[in-house]
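>>> Mind folding the following:
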Amino acid sequence: MPLTHIRLLLNGKKASNVDIRQSVIALREQGHTIDVRVSWESADMLRFITEAIADNVGRVVIGGGDGSLNEAVNALMQQPQQDHKLEIAVLPLGTANDFATACGISNIIQSTLELAIHGDSYPIDIIRANNNYFINAAVAGFGAQVTAETPTELKDFLGGGAYTLVGLAKALGFKPYQGSITTDKGTFNGDIVVGAICNNKQAGGGQMLAPNALIDDGLMDITLLKSFSTFDIPVVLDEIQAMSHEAKFCYHFQTRWLEIDFPIKLPLNLDGEPYPTKKMRFEVLPKAIQFVLPPNCPCLEQCTQKSGI
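Here you go, the predicted model:
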């Protein structure tokens, strides 16, 4: 059902975007009430979400990237349970926009704002990581180090490709992390190069880490890459493509929870934001929030069942 009143929470770095201003004006002229709030620091998001709930705003649009979306989800989850019905939409304006891209959400401002107003919302999963939450993916080890060490200027200039370039530069000197990973399927002890805990399909600027992941199935999709030598690279590449449950270096599986325990801090990011840690428990919160998505979204279980995917 179309909404006539939404609130756009806009990342301050994008506040001068002329296309956003023109699209908002055009939609207002069509009779829609669109409030705009501009966020300049992470603490703003909690205040904006709290205000939206107090003002009985039914739907907020997050204008930013995966980091802004992460801030919004964490702000919402700090509210009382009855207020989690606030619907979230996204206007993808970040470097990577992995969540939006995987969900088939356009980066064309006018059409995406129209989806935010007229589109349906769906209950989707999020993942709790100790006292934090994420909506897209957590990446540990080498992948997290790449994200943390990619300069802002390089991200702005190259977009998602910046992560790949920095990754190639770091790969030669990377040392694996040794620790344990426990799930409902058992415990793994050994050297980890990359660990990806995915709610959605991609992370790191378009890297398809979990192509079979769905955001409403109550499961997280895990990819673990063990330590390997230069001679093993052809096998590793084959295993990454095969997405097999049985492999020598690259493992893929699903679980409802996962715990990591490492003797030293492991580089880790949640939706691209760094959270280095030694220990963390990850747990799926099924259908925890309402998210506005396009029809036949490829990340919804109900849509893939209808289409026979």
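>>> mind checking the end-to-end distance for stretch 72-85?
From the first residue to the last, stretch 72-85 extends over 13 Å; the measure is C-alpha to C-alpha, to the nearest Å.
>>> same question for that stretch, mean pLDDT?
For stretch 72-85, the per-residue pLDDT values average out at 94.
>>> Can you give me the buried ones in that stretch?
When burial is assessed from 16 or more other C-beta atoms under 10 Å, stretch 72-85 yields the following buried residues: 72-77, 79. In this view, the C-beta of every residue, glycine as well, is placed from N, C-alpha and C.
>>> Break down the stretch 201-309 of the chain into its strands, ranges please.
Counting by DSSP state E, counting those that start in this stretch, one finds strands in the stretch 201-309 of the chain at the ranges 202-203, 207-208, 220-226, 250-255, 257-266, 268-270, 273-274, 277-292.
>>> what's the third one in contact with?
Which is strand 220-226. Under the contact criterion C-beta atoms under 8 Å, 6 or more residues apart in numbering, strand 220-226 has outside partners 127, 141, 176, 181, 183, 188, 190-199, 209-210, 212-213, 236, 240, 248-256, 258, 282, 284.
>>> so who does L258 touch?
Neighbour list for L258: 181-183, 197, 220, 222, 281-282 [criterion: C-beta under 8 Å, 6+ apart].
>>> Once you drop chain neighbours, what's closest to M77?
Y133 (5.0 Å; C-beta to C-beta, 6 or more residues apart in numbering).
>>> typo on my end, F99
With sequence-adjacent residues excluded and distances taken as C-beta to C-beta, 6+ apart, F99 is closest to N136, at 4.3 Å.
>>> same thing with D221?
If you skip the residues right next to it in sequence, D221 has A210 as its closest partner in space, 3.7 Å away by C-beta to C-beta, 6+ apart.
>>> residue contacts, the one you found?
Under the criterion of C-beta under 8 Å, 6+ apart, the contact partners of A210 comprise 137, 196, 198, 200-202, 221-223, 252.
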